[in-house]
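*Asks:* generate coordinates for the sequence data below:
(one chain, ligands or ions: 1)
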Amino acid sequence: MGKVYEATVTAPVNIAVIKYWGKRDSALILPTNSSLSVTLSQDHLSTRTTIRASPDFTIDRLWLNGVEEDINASKRLVNSITTARKLREALEEKQKQDGIPAESVVPLSQWKIHVCSENNFPTAAGLASSASGYAALVSALGTLYELPQTTSELSRVARVGSGSACRSMFGGFVAWQAGIADDGHDSLAVQVADRQHWPELQALILVASDKKKAVSSTAGMQTTVETSSLFAERVRTVVPQRMEAMKEAIAKRDFETFAEITMRDSNQFHAVCLDTYPPISYMNDTSRAVAGLVHAFNSARGRTAAAYTYDAGPNAVIYALKSDMRDLVELFTYCFPREDSILPDAFYPDPFSIFDSPEQAGHRLTDPVICKLANTVGKYSAGSVRRIIHTEVGDGPRVLPASQSLLNDVGMPKRARE
Ligand code: DP6
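*Replies:* Have a look, this model is predicted:
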């Protein structure tokens, strides 16, 4: 068998603390404002993608979580792949110009590809995977094609797949600079600080059950741009100030400022959604109860010890420092008891598992002040929070060894479902 041209990578999920909402160009996915996010650990949430290029393949093919999808059905997917192929083509051209004999230049840009992609988190968790998905796709193509572009330059390719995906090209704290150019060359992600910068910062994802299908981000933000008058103010003055203040808070590891800006920005994003006509509402009763509980927790602590943020759905992401996390987990698990029927894997992974010792995280309310707060608030109906995922700040896309490939010898998925 000849040489196999293949790459396998994993890429992380990111959760914005300054939200991206609104496009100035929907084809190129250029945003109306800059945004900033925290990359979460790939140990708990990530997408793994293997891509192989071969002269034997007759068409491009794609498998998502074991099921074959029409790779040409999504314009965004086609755009990302085409853009990466063009970069490879330019590289092959350059190699020839540099005097490398034509027969030694591998024409990967001309070969069809097989793309196989899997999430390591249950789909039932209700977490959006487009950001980690496109970041994994582009990282795998960048590795396979040996592209010389920097990660920021490659983030533009992830951006044309899904805006927020450009931020998953880096670990730690990441800004997506909106840019001003019409061709989008300056609309890319840059790392603000790496994951080691603030190791005490952790995250808790509260998956709120929701039967209704939300308005997609893409459609929702389009209507907002067209109809909301609050939105213009957000883009013009609020976000630019917050971007600077947030970068400073991260540089100084100033949690209280980080937390307040995070909550205010989430609230403003959802206010702008309500100001959209017809209005869009992503948060549900559970989301609002969680936000209320975070403010009550902060009052009990006498400082801003936790922050919530919500994307285009009812799930809450809570940021807090490790030293406050145990009490928070205890409070949430008390006030939002799990439903017995989904008990076995309701917590994914066990939210107590990342504490140093099991004793440190008794499944009880240990702090008397928090215990009093929990009793005052009482219990919400079982199962309104379906899962709690306890995680931390993580690194950017990782290149895995060939042994981790999702494709077999002939380039077909090792695990396929009908
Ligand atoms: C609310 O990146 O999913 O999560 O660019 O149309 O694919 P498209 O939208 P998407 O929007 C994410 C919006 C958000 C806020 C954020 O992540 O910044």
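
*Asks:* angles on the backbone of the closest residue to Lys247 other than its chain neighbours, please.
*Replies:* The shortest distance from Lys247 to any non-neighbouring residue, by CB to CB, 6 or more residues apart in numbering, is to Val192 (5.7 Å). No exception for glycine: its C-beta is placed from N, CA and C like everyone else's. With angles defined as degrees, to the nearest 10, Val192 sits at phi -90, psi -40.

*Asks:* one more: Gly378?
*Replies:* Dihedral angles (degrees, to the nearest 10) for Gly378: phi 80, psi -170.

*Asks:* pull the contacting residues for it.
*Replies:* Listed by CB atoms under 8 Å, 6 or more residues apart in numbering, the contact partners of Gly378 are Cys335.

*Asks:* okay, it and Phe336: tell me how far apart.
*Replies:* Separation of Gly378 from Phe336 (CB to CB, to the nearest Å) stands at 11 Å.

*Asks:* correct me, but Val272 touches Ala232?
*Replies:* No. Val272 is beyond contact range of Ala232, at 9.8 Å (criterion: CB atoms under 8 Å).

*Asks:* neighbour count: the two, which is higher?
*Replies:* The neighbour count for Val272 versus Ala232, taken as other CB atoms under 10 Å, is higher for Val272 (24 against 13).

*Asks:* following element in sequence after the strand or helix carrying that one, please.
*Replies:* For Val272, the host element (DSSP states H and E) is helix 255-274. Remark: after helix 255-274, the chain's next helix or strand is helix 285-301, criterion DSSP H and E.

*Asks:* tell me the buried residues in that next one?
*Replies:* Thr286, Ser287, Ala289, Val290, Ala291, Leu293, Val294, Ala296, Phe297, Asn298, Ala300, Arg301 (16 or more other CB atoms under 10 Å).

*Asks:* tell me the backbone dihedrals of Ala158, please.
*Replies:* Dihedral angles (degrees, to the nearest 10) for Ala158: phi -70, psi -40.

*Asks:* count residues in the vicinity of it, would you?
*Replies:* Neighbourhood size, Ala158 [other CB under 10 Å]: 34.

*Asks:* so it is in contact with Ser168, correct?
*Replies:* Yes. At 7.0 Å, Ala158 counts as touching Ser168 under the criterion of CB under 8 Å.

*Asks:* what do these two both touch?
*Replies:* Listed as contacting both Ala158 and Ser168 by CB under 8 Å, 6+ apart are Tyr134, Ala135.

*Asks:* any idea whether the residue nearest to Pro278 when sequence neighbours are not counted is helix, strand or coil?
*Replies:* For Pro278, ignoring the flanking residues on the chain, the nearest one in space by CB to CB, 6+ apart is Thr223 at 7.7 Å. Three-state assignment for Thr223 (DSSP: H, G, I helix; E, B strand; the rest coil): helix.

*Asks:* do you know the pLDDT at Thr223?
*Replies:* For Thr223, the pLDDT comes out at 97.

*Asks:* could you do Ser209 as well?
*Replies:* Per the predicted model, pLDDT is 73 at Ser209.

*Asks:* residue in the stretch 301-418 of the chain nearest to the ligand?
*Replies:* Closest contact between the stretch 301-418 of the chain and the ligand, by CB to the nearest ligand atom, is at Asp311 (3.7 Å).

*Asks:* just give me the neighbour total for that residue.
*Replies:* For Asp311, the neighbour count with other CB under 10 Å is 23.

*Asks:* residue contacts, it?
*Replies:* If you count contacts by CB under 8 Å, 6+ apart, then Asp311 has Ile15, Ala16, Lys19, Ala128, Ser217, Tyr282, Val317 around it.

*Asks:* how near is it to Ser217?
*Replies:* 8 Å.

*Asks:* now swap in Thr366 and tell me
*Replies:* Distance, Thr366 to Ser217, using CB to CB: 39 Å.

*Asks:* more neighbours, those two?
*Replies:* Neighbours per residue, other CB under 10 Å: of Thr366 and Ser217, the larger number sits with Ser217, 19 against 13.

*Asks:* is it true that that one touches Ala312?
*Replies:* Yes. The criterion here is CB under 8 Å, and Ser217 meets it with Ala312 at 4.5 Å.

*Asks:* where exactly do the strands run in the stretch 301-418 of the chain?
*Replies:* Applying DSSP state E, counting those that start in this stretch to the stretch 301-418 of the chain gives strands spanning 306-310, 316-321, 385-392, 398-400.

*Asks:* ok, the shortest one: who's next to it in the sheet?
*Replies:* The one in question is strand 398-400. strand 5-12 (antiparallel) (DSSP bridges).

*Asks:* figure out how far the partner strand is from the centre of its chain.
*Replies:* Distance of strand 5-12 from its chain centroid, counting by CA atoms, centre = their mean, to the nearest Å, is 17 Å.

*Asks:* residues touching the residue nearest to Pro278, list them.
*Replies:* Val215, Thr276, Tyr277, Pro278, Ile280.

*Asks:* need the residues of this structure near the ligand, please.
*Replies:* 16, 19-21, 29, 35, 130, 162-164, 217-218, 311-312 (CB under 6 Å from any ligand atom).

*Asks:* which single one of these is nearest to Gln268?
*Replies:* Using CB to CB, Lys19 comes nearest to Gln268 of the residues of the chain next to the ligand, at 8.0 Å.

*Asks:* could you check how far the closest residue to Val225 other than its chain neighbours is from Ser130?
*Replies:* Nearest residue to Val225, sequence neighbours excluded (CB to CB, 6+ apart): Gly22, at 4.8 Å. Separation of Gly22 from Ser130 (CB to CB): 17 Å.

*Asks:* likewise Pro12?
*Replies:* Taking CB to CB, one finds Pro12 at 13 Å from Ser130.

*Asks:* which one's more surrounded, these two?
*Replies:* For Pro12 versus Ser130, neighbours defined as other CB under 10 Å are more numerous around Pro12 (31 against 19).
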